[in-house]
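J.: how does the following fold in three dimensions:
(chains A, B, C and D)
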Protein chains: 2
Amino acid sequence: MDTIALARAKWEEHGWGDVAEGMAAVTSVMRAQQIFQARVDDVLQPFELTFARYEVLMLLHFSSRGSMPVKKASGRLQVHPTSITNAVDRLEGAGLVRRLPHPTDGRATLVEITDLGRETALKATEVLNREVFGRPGLSPRRVSTLVNVLADLRKDSGDF
Amino acid sequence: MDTIALARAKWEEHGWGDVAEGMAAVTSVMRAQQIFQARVDDVLQPFELTFARYEVLMLLHFSSRGSMPVKKASGRLQVHPTSITNAVDRLEGAGLVRRLPHPTDGRATLVEITDLGRETALKATEVLNREVFGRPGLSPRRVSTLVNVLADLRKDSGDF
DNA sequence: GGCAGATACATGGACGTCCAGGTATCTTCG
DNA sequence: CGAAGATACCTGGACGTCCATGTATCTGCC
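T.: Reported below is the predicted structural model:
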């Protein structure tokens, strides 16, 4: 029983057929996010990480200096600066990152990845690659289609 | 600057090219959800609704008796029962639904939509149809593709 | 040089999600 | 019929997200 197909049928019954597919798209994206989030968090749990914290960690790992102001991380990950503050609080508690004063801008705080942070990031990535990214539940063609369609969506909404 | 394309490039640099597209897919879905959630919540704000509460309201509106046990709503919307309890608390506070004892099962609680609830649901749907579902930011062909691909994903993960 | 506005970050609160634990009720089986 | 297990719900807590607010610092203009 596909609950989204059911909802679409209801939309058509009520004379909203012209926007039923859009409704299905929005609802499907919501559900897909929930599915992926659960899979990813399941894999990351042994590392005491969540996807949000993992993203922060990888962003720092990939950065040239291994450190970055909160503001910049916020922009890169496209979340609110407070979400970064929150993630950094917990990552710092686990010893995976460290806060440093910015050398030239007294307002800014640098977040720097530690050696333990890099090590944890790589171990987590290995499992994530194998268990989630490597088996997304779709054929390679479908995966590429999904990425391309969502790129159009992101472009349309001003992401890039 | 497409942050997901950047991440994919990093994955390829590190020899993880075989799963880079899967990583892009997962990340894209996360971001798309964020985009849609923001649009929907923006439209629903004047009605003092969120998407979660809107979904509960529409589920009840479309049900044959206008009421449903918490457990059934939880299954239909594929969220934890506690999420329904939370949504119902707020909907009840706004007078849009009402809790009733289940006539035959003393454990269960029936959630029933009120007249004000139905009225609000229809008004909200009208704006949502026009502002979000009617302009999802993709061509009709792309929207259908997205729905179909995500249906495959949901099927693979046991949704139906 | 000094003040006004912009910027960076942290704090506190709201919301939705989930899990763990507890209570009440139903169902099943001896 | 009565006890054990299953089921439905609520409460309290954790987490991630956002917003509003406050504080410190920087920048630009007079």
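J.: and the lengthiest helix in chain A, what does it pack onto?
T.: Using DSSP state H to define each element, chain A has its longest helix at helix A:17-44. If you count contacts as 3 or more Cβ pairs under 8 Å, 6 or more residues apart in numbering or on different chains; DSSP states H and E, helix A:17-44 packs onto helix A:3-13, helix A:51-62, helix A:115-128, helix B:17-44, helix B:140-156. For glycine as for every other residue, the C-beta is placed from the backbone atoms N, C-alpha and C.
J.: what is the mean pLDDT for it?
T.: For helix A:17-44, the mean pLDDT works out to 97.
J.: between helix A:140-156 and it, find me the angle.
T.: With axes from the mean of the first three to the mean of the last three Cα atoms, to 10 degrees applied, the angle from helix A:17-44 to helix A:140-156 works out at 110 degrees.
J.: now do the buried residues in helix A:17-44.
T.: Buried positions in helix A:17-44, judged by neighbour count with 16 or more other Cβ atoms under 10 Å in any protein chain shown: A:19-37, A:39-40, A:43-44.
J.: contacts (any at all) between DNA strand D and that helix?
T.: No: applying Cβ under 7 Å from any atom of the strand, one finds helix A:17-44 separated from DNA strand D by no less than 8.4 Å.
J.: run the chain-centre distance for that helix.
T.: Centroid displacement of helix A:17-44 relative to its chain, using Cα atoms, centre = their mean, to the nearest Å, is 14 Å.
J.: how about it and DNA strand C, touching?
T.: Yes: contact of helix A:17-44 with DNA strand C (Cβ under 7 Å from any atom of the strand) involves A:Gln34.
J.: so that helix versus helix A:115-128, what angle?
T.: Orientation of helix A:17-44 against helix A:115-128 (the same axes, to 10 degrees) gives an angle of 120 degrees.
J.: now tell me what touches stretch A:48-63 from outside.
T.: If you take Cβ atoms under 8 Å, 6 or more residues apart in numbering or on different chains as the criterion, stretch A:48-63 is touched by A:37, A:40-41, A:44, A:66-68, A:73, A:76-77, A:79, A:83-84, A:87-88, A:90-91, A:94, A:96-97, A:111-113, A:117-118, A:120-122, A:124-125, A:128, B:7, B:10, B:30.
J.: which among these end up buried?
T.: Using 16+ other Cβ under 10 Å, the buried members of the contacts of stretch A:48-63 are A:37, A:40, A:44, A:66-68, A:73, A:76-77, A:79, A:83-84, A:87-88, A:90-91, A:94, A:96-97, A:111, A:113, A:117, A:120-121, A:124-125, A:128, B:7, B:30.
J.: in chain A, what residue is nearest DNA strand C?
T.: Nearest residue of chain A to DNA strand C (Cβ to the nearest atom of the strand) works out as A:Lys71 at 2.8 Å.
J.: chain neighbours aside, what residue packs nearest to that residue?
T.: Nearest residue to A:Lys71 in three dimensions, chain neighbours excluded: A:Pro81, at 6.2 Å (Cβ to Cβ, 6 or more residues apart in numbering or on different chains).
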